[in-house]
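S.K.: quick one, what's the 3D model for this:
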Amino acid sequence: MFALRSPFCVLLVLGCATSFALADEATLPNQFATQKTQPAVANKILEHARFLKQDSPDRPQIDAATLRTMNALPQYSLVVDNAVFHLSGPFAFYGGRQIALAFVEVDDEVHARVLYRSNSQFSWRMCDATDGGHLGKGFHEFDKQVPIPVTVALLKMYDEPQTVQSFDNDASRSQSDLAKFLLQGLTIDRRSQQCISQADGHYYSREYAALIPSQPMVFSLVGKRLTTASSGLVADPREVKLPAREHLPNLQKEVDSFRFTSVAYAEVNAGQGELTGRVFDSFDGKLRYLFFEDRKGRAALSTVEHLLPEVNALGLRSRYVDTQGMDAPLLEYFLQIPAAFGGKKEPGYTSNWRYVRQLPIIQYYYSGQGRMVPSIFPP
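M.R.: Here you go, the predicted model:
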């Protein structure tokens, strides 16, 4: 028996469309289908939301009244297992990036969170701590990926960003400035007593450390590592083992697909930024995969999500998967690529296809569909 007790079910009497009282597993909705959140429901969500209490004097204290003034209300809702995500549309951020608000309803509580889109992975992540313009990456970075249906929902809204209004009637503030205001108000400062910093430069909130384990779930094994242009270590794509067959994606049963355009990817791909996202579940139904493929047929794995751990108050699965480098993106920093695959001590992004095409999961992706792996050229 599955039951999600939502404080917003009572709004059905008002004729609102949102109701998440579910009788059993057989009646669970499509996790990739969003419902429009009516204004009355959106305001009720804000009334119940728990907001971060800032202890840094230079951080804005965001509350329901602030978000109403800014018109930063949830626009869509979707159910992901034990949680309901009430999502704003994406807000334009600096450098072509985007952020969004997520009001995560779980265990009869609603938690206000801020999400951001990764330029390279194309996935959306939860952000709990920032340092100026820098985003805290958790223990490993991939541990901050939101459930795949949430990423899909926000990417489908990519071309229709939500317009936010100024919190103080200052018409000169740009949309990016206002988005930064929201980001700063819904994350803790790295210098805060609420923050933990690691020796390797990673940092995260104490709440995050309490809800997310530092050790990931094992996905595959790496036999050898290569040094990147910045002296980091990444998996040798020729020495990574695939997991057992039952954990591999069933490429004959596509769960969902969609298109979106990445401006950042277009800059390294001759102006072509259109990508197709494709979602597959594993043969045993315990894992979910999100791949992206460009117009020339070059694909990369973005996210692998284990479907059994529940979603917690952060809006994240309580356990996460380490794909051991098999999620290397099509778009990568020069500095994070081994020299043998085009890495250089130069700033900026470049195509990472030389590296990605060698990964066993990518070769499986093509062979499982009876396709050839595209050549290295054109880049």
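
S.K.: mind listing the helices for the stretch 151-300 of the chain?
M.R.: 175-185, 206-211, 263-268 (DSSP state H, counting those that start in this stretch).

S.K.: buried deepest among the ones you listed, which one?
M.R.: helix 175-185 (a mean of 20; mean count of other Cβ atoms under 10 Å). All C-beta spots, glycine's among them, are computed from the backbone N, C-alpha and C.

S.K.: could you dump the helices of the stretch 151-300 of the chain into JSON lines with distance to residue 49 and mean pLDDT added?
M.R.: What follows is the helices of the stretch 151-300 of the chain, written out as JSON lines (distance: least, Cβ to Cβ, whole Å; pLDDT from 0 to 100):
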{"stretch": "helix 175-185", "distance to residue 49": "13", "mean pLDDT": "96"}
{"stretch": "helix 206-211", "distance to residue 49": "15", "mean pLDDT": "97"}
{"stretch": "helix 263-268", "distance to residue 49": "32", "mean pLDDT": "93"}
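
S.K.: in a markdown table: these, plus distance to residue 110.
M.R.: Formatted as a markdown table, those follow (distance: least, Cβ to Cβ, whole Å):
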| stretch | distance to residue 110 |
| --- | --- |
| helix 175-185 | 17 |
| helix 206-211 | 15 |
| helix 263-268 | 32 |
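
S.K.: give the contact list for the closest residue to residue 363 other than its chain neighbours.
M.R.: Ranked by Cβ to Cβ, 6 or more residues apart in numbering and with sequence neighbours excluded, the top spatial neighbour of residue 363 is residue 373, at 6.0 Å. The contact partners of residue 373, taken as Cβ atoms under 8 Å, 6 or more residues apart in numbering, are 357, 362-363, 366.

S.K.: please report the distance of residue 373 from residue 304.
M.R.: Relative to residue 304, residue 373 is positioned 20 Å away (Cβ to Cβ, to the nearest Å).

S.K.: kindly report the same for residue 250.
M.R.: In terms of Cβ to Cβ, residue 250 sits 14 Å off from residue 304.

S.K.: outline the domain layout of the protein.
M.R.: Segmentation of the chain into domains, based on automatic domain parsing, reads 9-211, 217-367.

S.K.: rank the ones you listed by pLDDT, which is bottom?
M.R.: For these, mean pLDDT drops lowest on domain 9-211, to a mean of 88.

S.K.: of all the helices of the stretch 151-300 of the chain, which lies closest to residue 169?
M.R.: Closest to residue 169 of the helices of the stretch 151-300 of the chain is helix 175-185 (Cβ to Cβ; 12.1 Å).

S.K.: what does the closest one contact?
M.R.: Contacts of helix 175-185 (Cβ under 8 Å, 6+ apart): 52, 54, 59-62, 66, 70, 72, 91-94, 99, 101, 114, 116, 127, 130, 133, 161, 163-167, 173.

S.K.: next: stretch 345-353.
M.R.: Contacts of stretch 345-353 (Cβ under 8 Å, 6+ apart): 119-120, 229-230, 264, 267-269, 298, 300, 328-335, 337, 341-342, 374, 376, 379.

S.K.: next one: stretch 187-198
M.R.: Taking Cβ under 8 Å, 6+ apart as the rule, stretch 187-198 contacts 52, 54-56, 58-59, 114, 127-131, 134, 136, 139, 203-207, 209.

S.K.: still on that earlier bit, any quick PyMOL command for the buried ones out of the contacts of helix 175-185?
M.R.: Listed next is the PyMOL selection for buried residues among the contacts of helix 175-185, using 16 or more other Cβ atoms under 10 Å:
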select buried, resi 52+54+59+62+66+70+72+91+92+93+99+101+114+116+127+130+161+164+166+167+173
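
S.K.: restricted to helices, list the contacts of helix 175-185.
M.R.: 66, 70 (DSSP state H).

S.K.: just the ones in strands from the contacts of helix 175-185, please.
M.R.: 91-92, 99, 101, 114, 116, 127, 130 (DSSP state E).
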